[in-house]
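K.L.:
got a predicted structure plus its sequence, pasted below:
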Amino acid sequence: MKTLRHFLSINDMSEEEARVIFKKAEELKAKRGKEQQSYLGSQTWALLFKKPSTRTRLSFEVAVRELGGEALFLNSQDLQLSRGESIEDTAHVLGRMVHGLIIRTYDQKEVELFATYGNIPVINALTDDEHPCQVLSDIFSFEEKRGSIKGKKIAFIGDGCCNVAKSWALAAEKFGFSLWIYSPLEYFSPVKNAFVKNTTSVEEAAQNAALLYTDVWISMGKEEEKNKRQKLFSQYRIDRYALSLASKDALVFHCLPAYRDQEISSEIFDERKEEIYTQAENRLHVQKALLAWIVGKI
Ligand SMILES: NC(=O)NCCC[C@H](N)C(=O)O
């Protein structure tokens, strides 16, 4: 049996492995358009998506192609999965035909089942529980501008229970930074470790923070809670006041899509869009390095 690497959770990688990926991502970013690396030469990677996607789909499709492979997009609605075929059978069949699988779905259990039965590397491209590729890339983006994240104070503002916040909470322990979650009580982080603190005080969360981070209030799959969430989260946003509390050189990140004047004020978004778009672009470079790592080339 070959040993396979998967990336289903931030917990599937050590800090040392993440640092190997960051170094490669930096190199690939610098060499893009000049020199190509064929880490996925003659491989076909399937992207199986049950939820909408812009950045994740784009960055993975381009990443696979630029590494010399073929990307095959599969809308789960078009597969027999949507008519009740089991994940076990689907995973076995995919595993006989493609070399790797990138999945966006609801239940974390599904990505785990694909990893169990597929016999090919599986990457979590977002579930209700985690968005590990986003957060891995965000840490790279932070360090690209500000150096090591270790010991820094990071403020997550908004839904502390969402996938992105949960991956941040796991990353806090792995990389050794403190994560302050500014969220309504009901949305405090379910992740318990010594590096995660929850608060309903913006002052406590944002004071001297090196990064203010936010995500949508209404994650995919939560649309029926829209009215309730818009009311509950209305103060949990990045605005001029929150930013005035943060460190003078604080970064502002948003994983996007952004809903201006909800989780982030329009004026802060407009002022900071350059760093937010660079954050989005880095998904491509980091995921190229992640793919190289997952197939054992770095
Ligand atoms: N950049 C992204 O991949 N964004 C995904 C949106 C995350 C949000 N928490 C959601 O689940 O809808």
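P.N.:
Alright, I've got the coordinates. Computed from a predicted structure; not experimentally measured.

K.L.:
pull out the buried residues from the regular element (helix or strand) spanning Tyr241.
P.N.:
Secondary structure assignment for Tyr241, by DSSP states H and E: helix 240-245. Using 16 or more other CB atoms under 10 Å as the burial criterion, the residues of helix 240-245 that qualify are Ala242, Leu243, Leu245. C-beta coordinates here come from the backbone N, C-alpha and C atoms, glycine included.

K.L.:
contacts for that helix, please.
P.N.:
With contact meaning CB atoms under 8 Å, 6 or more residues apart in numbering, helix 240-245 is reached by 155, 157, 182, 202-203, 206-209, 212, 250, 252, 265, 267-268.

K.L.:
other SSEs contacting the helix or strand just after it?
P.N.:
On the C-terminal side of helix 240-245, the nearest following helix or strand under DSSP H and E is strand 251-254. Under the contact definition 3 or more CB pairs under 8 Å, 6 or more residues apart in numbering; DSSP states H and E, strand 251-254 sits against helix 132-146, strand 211-214, helix 266-294.

K.L.:
which parts of the chain sit against the ligand?
P.N.:
55-56, 126, 131, 134, 162-164, 215-216, 219-220, 255-256 (CB under 6 Å from any ligand atom).

K.L.:
ok, now with 5 Å
P.N.:
Arg55, Thr56, Cys162, Val164, Asp215, Ser219, Met220, Cys255 (CB under 5 Å from any ligand atom).

K.L.:
who's in contact with Lys197?
P.N.:
Ser178, Leu179, Trp180, Ile181.

K.L.:
ranking the helices and strands packed on strand 251-254 by burial, who's on top?
P.N.:
strand 211-214 (a mean of 26; mean count of other CB atoms under 10 Å).

K.L.:
elements contacting that one?
P.N.:
Against strand 211-214 (3+ CB pairs under 8 Å, 6+ apart) you get helix 132-146, strand 153-157, strand 251-254.

K.L.:
quick one, strands of the stretch 1-150 of the chain?
P.N.:
44-49, 70-75, 100-104, 122-124 (DSSP state E, counting those that start in this stretch).

K.L.:
returning to that earlier point: turn the helices and strands packed on strand 211-214 into a markdown table, including mean pLDDT and distance to Val286.
P.N.:
As requested, those are exported to a markdown table (pLDDT from 0 to 100; distance: least, CB to CB, whole Å):
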| stretch | mean pLDDT | distance to Val286 |
| --- | --- | --- |
| helix 132-146 | 98 | 4 |
| strand 153-157 | 98 | 18 |
| strand 251-254 | 98 | 14 |
